[in-house]
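**Q** sharing a model that was predicted from the sequence below.
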Number of protein chains: 2
Amino acid sequence: MSITIKDIARKLNISYATVSRALNDRYGVDPHTREKILKAAREMNYLPNAIARGLVNQQTETIGLVIPDITNPFFPEVALGIEDRAGEEGYSVFLCNTNWEQDRELRYLSLLREKRVDGIILAPVSGKTPSNREYDRVEAPLVFVSEARRGMGKSYVTIDNVQGGCIATEHLIRKGYTRIGFFGAAEDELTSGERYQGYAKALRDAGMQEREKYVRFGDYRTNTGSRLITELIGNGD
Amino acid sequence: MSITIKDIARKLNISYATVSRALNDRYGVDPHTREKILKAAREMNYLPNAIARGLVNQQTETIGLVIPDITNPFFPEVALGIEDRAGEEGYSVFLCNTNWEQDRELRYLSLLREKRVDGIILAPVSGKTPSNREYDRVEAPLVFVSEARRGMGKSYVTIDNVQGGCIATEHLIRKGYTRIGFFGAAEDELTSGERYQGYAKALRDAGMQEREKYVRFGDYRTNTGSRLITELIGNGD
DNA sequence: ATGAAAGCGCTAACAG
DNA sequence: CTGTTAGCGCTTTCAT
């Protein structure tokens, strides 16, 4: 057992409430007593117990980050930013890898609730959404990254994929290309779908025909990507 | 406030001690009562409070993972494995990014201690070690990954870098190459240093001369890598 | 088999 | 300014 607030109170012959006050910068503590307390705390290597504190404060200074795959280069970038910013505010972040599995996402959500995190950032598994009820269960603030179904009453920060697909396609058109294809990750995935819309829109706006044989969807979960790309490129026409 | 063990006890008109026992599969609970309790818990959407539980059990089912940079492709791989295995045992993992900064590593160490994690896995910032005292302070099991100074009485799992450098060099020698260079990350970094030793050993064993101009150290923290490689390759001789 | 009560470490009224 | 007390939600003796 490590040293507690009581230990330092006992040593100084004062009530531990006072110690708590001093340690938390609460007003109403004699400057002199405060000094003594701080000094003792330092000497005794006192380290506050975040668990106990969390229990009474109903706040853990902790958030959960739920992502599909930390190994996918997109997510470390996201995680870094989040962890960094969270750290500045004294928050810790739980890393949860769903491995693109829906039920794992759900299990993590409830584990994080048990752990009483103050908030959750979620990059949902693509495809069919769990009933929103599952998301609504979580009492802490829940915000989506990377993917999000708009209008479900939750905050999200995502990429404007339609716009992105559009810009990319327009760029190629401007460059003079005429046989422009689209390769998306998975058809049932939001990101790909939205980018495809942008692609199609750009083509349409330019009065160009979309050619079906140039449009392909794979499944990054099973890594069909490279095969499809090869096929696409080899598609002389 | 979410629903607690007391709520379900009150509803069933039993003591909450019994509820706790039932919920934790403790023996000595009437099968029938147990059923009632489990059922009520389910209906009331009871979710145990891991914080409270942690306080009394002195165990949080949580570990800390401290790494230099989640953005460096090596670490996500490590993180994935750890998180996955931890998850199987019902443990959560805190992700801590030191950004290669020594004092940040130290701060995280103490933050994790406050959070009362059950263990810490640490990929230390390269270079000068903080006094081992800092590492010894942590009362939870601390194990090193990626880098570790042997013989400091801590567990570690690392790569045999000397062997690695040796094998790579031997491979090139066997292929018939004669101008074999070594490019390491940072000179004061253990990994690079060890690999270099392997490189030198292989050369020595093959009776080959190590040529100084083929040996370079950069600093991946400042990304001097690509520049140095170009320089190295361009080094006609 | 079940209940009463103490206690994990800490904060927050409420009194003095 | 400081001490006493209750309580956060839960587990665990100790009785019954």
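**A** Structure's in. What do you need? Here the structure is a predicted model, which is why all the values come from computation and not from measurement. Residues are numbered from 1 along each chain as shown, chains lettered A, B, ... in the order given.

**Q** residues contacting residue A:87?
**A** By Cβ atoms under 8 Å, 6 or more residues apart in numbering or on different chains, the contact set of residue A:87 is B:96, B:97. No exception for glycine: its C-beta is placed from N, CA and C like everyone else's.

**Q** over to residue A:210?
**A** Residue A:210 makes contacts with A:199, A:200, A:203, A:204, as judged by Cβ under 8 Å, 6+ apart.

**Q** of all those residues, which two lie farthest apart?
**A** A:199 and A:204 (9.6 Å; Cβ to Cβ).

**Q** who has more neighbours out of the two?
**A** Per other Cβ atoms under 10 Å in any protein chain shown, whichever of residue A:199 and residue A:204 has more neighbours is residue A:199, with 26 against 11.

**Q** confirm that the more buried one sits in a helix.
**A** Yes. Looking at residue A:199 with DSSP: H, G, I helix; E, B strand; the rest coil, it is inside a helix.

**Q** so how far is DNA strand D from it?
**A** 51 Å (Cβ to the nearest atom of the strand, to the nearest Å).

**Q** domains of chain A?
**A** When chain A is parsed with automatic domain parsing, its domains come out as A:5-48, A:57-157, A:161-234.

**Q** ranking those domains by burial, who's on top?
**A** Comparing the domains of chain A by mean neighbour count (mean count of other Cβ atoms under 10 Å in any protein chain shown), domain A:57-157 ranks first with a mean of 18.

**Q** if I read this right, residue A:165 contacts residue A:203, doesn't it?
**A** No. Using Cβ atoms under 8 Å, residue A:165 makes no contact with residue A:203, being 10.2 Å away.

**Q** distance of residue A:48 from residue B:2?
**A** Distance, residue A:48 to residue B:2, using Cβ to Cβ, to the nearest Å: 25 Å.

**Q** near DNA strand C, which residues of chain A?
**A** For chain A, the residues in contact with DNA strand C (Cβ under 7 Å from any atom of the strand) are A:1-2, A:4-6, A:16-17, A:20, A:23-24, A:26, A:48-49, A:52-53, A:55-57.

**Q** switch to 10 Å and redo it
**A** A:1-9, A:15-24, A:26, A:28, A:41, A:46-59 (Cβ under 10 Å from any atom of the strand).

**Q** mind listing the helices for chain A?
**A** A:5-12, A:16-23, A:31-43, A:50-57, A:74-88, A:102-114, A:132-137, A:161-174, A:190-205, A:225-233 (DSSP state H).

**Q** related to what we said a few turns ago, which of the contacts of residue A:210 lies closest to residue A:177?
**A** residue A:203 (11.2 Å).

**Q** give the contact list for that closest one.
**A** By Cβ under 8 Å, 6+ apart, residue A:203 lies in contact with A:169, A:173, A:180, A:209, A:210.

**Q** make CSV out of these and add distance to residue A:115 and pLDDT.
**A** Shown next, in CSV, are those (distance: Cβ to Cβ, whole Å; pLDDT from 0 to 100):
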residue, distance to residue A:115, pLDDT
A:169, 44, 96
A:173, 50, 95
A:180, 48, 92
A:209, 54, 83
A:210, 48, 81
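
**Q** so, low pLDDT: which residues of chain A?
**A** Along chain A, segments meeting pLDDT under 70 span A:126-131, A:149-151, A:188, A:219-237.

**Q** how many neighbours does residue A:160 have?
**A** Neighbours around residue A:160, by other Cβ under 10 Å: 12.

**Q** residues in contact with the residue lying closest to residue A:115 once chain neighbours are set aside?
**A** The shortest distance from residue A:115 to any non-neighbouring residue, by Cβ to Cβ, 6 or more residues apart in numbering or on different chains, is to residue B:50 (4.7 Å). Residue B:50 makes contact with A:114, A:115, A:116, B:60, B:61 under the criterion Cβ under 8 Å, 6+ apart.

**Q** just flag the most distant two among those residues.
**A** Spanning the widest gap among the contacts of residue B:50 are A:116 and B:61, at 12.8 Å by Cβ to Cβ.

**Q** what sits up against stretch A:114-122?
**A** A:54, A:58-67, A:82, A:91, A:94, A:105, A:109, A:112, A:138, A:140-145, B:47-51, B:62, B:92.

**Q** which ones among these map onto strands?
**A** By the criterion of DSSP state E, membership of the contacts of stretch A:114-122 in strands covers A:62-67, A:94, A:142-145, B:62, B:92.

**Q** out of the residues you listed, who's nearest residue A:156?
**A** Using Cβ to Cβ, residue A:144 is the member of those that sits closest to residue A:156, with 3.7 Å.

**Q** distance of the closest one relative to residue A:158?
**A** Counting by Cβ to Cβ, the gap from residue A:144 to residue A:158 is 7 Å.

**Q** likewise residue A:58?
**A** Distance, residue A:58 to residue A:158, using Cβ to Cβ: 31 Å.

**Q** find the nearest non-adjacent residue to residue A:181, please.
**A** Distances taken as Cβ to Cβ, 6+ apart put residue A:214 closest to residue A:181, at 3.4 Å, once the chain neighbours are dropped.

**Q** closest to residue B:98 out of the domains of chain A?
**A** Of those, nearest to residue B:98 by Cβ to Cβ is domain A:57-157, at 10.0 Å.

**Q** how long is that closest one from one end to the other?
**A** Distance between the two ends of domain A:57-157: 29 Å, counting by Cα to Cα, to the nearest Å.

**Q** ok, that domain near DNA strand D or not?
**A** Yes. Contact of domain A:57-157 with DNA strand D is found when judged by Cβ under 10 Å from any atom of the strand, involving A:57, A:58, A:114, A:116.

**Q** closest to residue B:187 among those residues?
**A** residue A:116 (45.8 Å).

**Q** does stretch A:20-40 reach DNA strand D?
**A** Yes. Stretch A:20-40 comes into contact with DNA strand D (Cβ under 10 Å from any atom of the strand), by way of A:20-22, A:26-34, A:36-37.

**Q** hmm, that stretch in reach of chain B?
**A** No. Using Cβ under 8 Å from any Cβ of the partner chain, we find that stretch A:20-40 stays clear of chain B, coming within 12.3 Å at best.

**Q** kindly report the same for stretch A:64-74.
**A** Yes. Stretch A:64-74 is in contact with chain B by Cβ under 8 Å from any Cβ, via A:65, A:69, A:70, A:71, A:73.

**Q** quick one, what contacts the first one?
**A** The neighbourhood of residue A:65, defined by Cβ under 8 Å, 6+ apart, consists of A:79, A:82, A:83, A:93, A:94, A:95, A:96, A:120, A:121, B:95.
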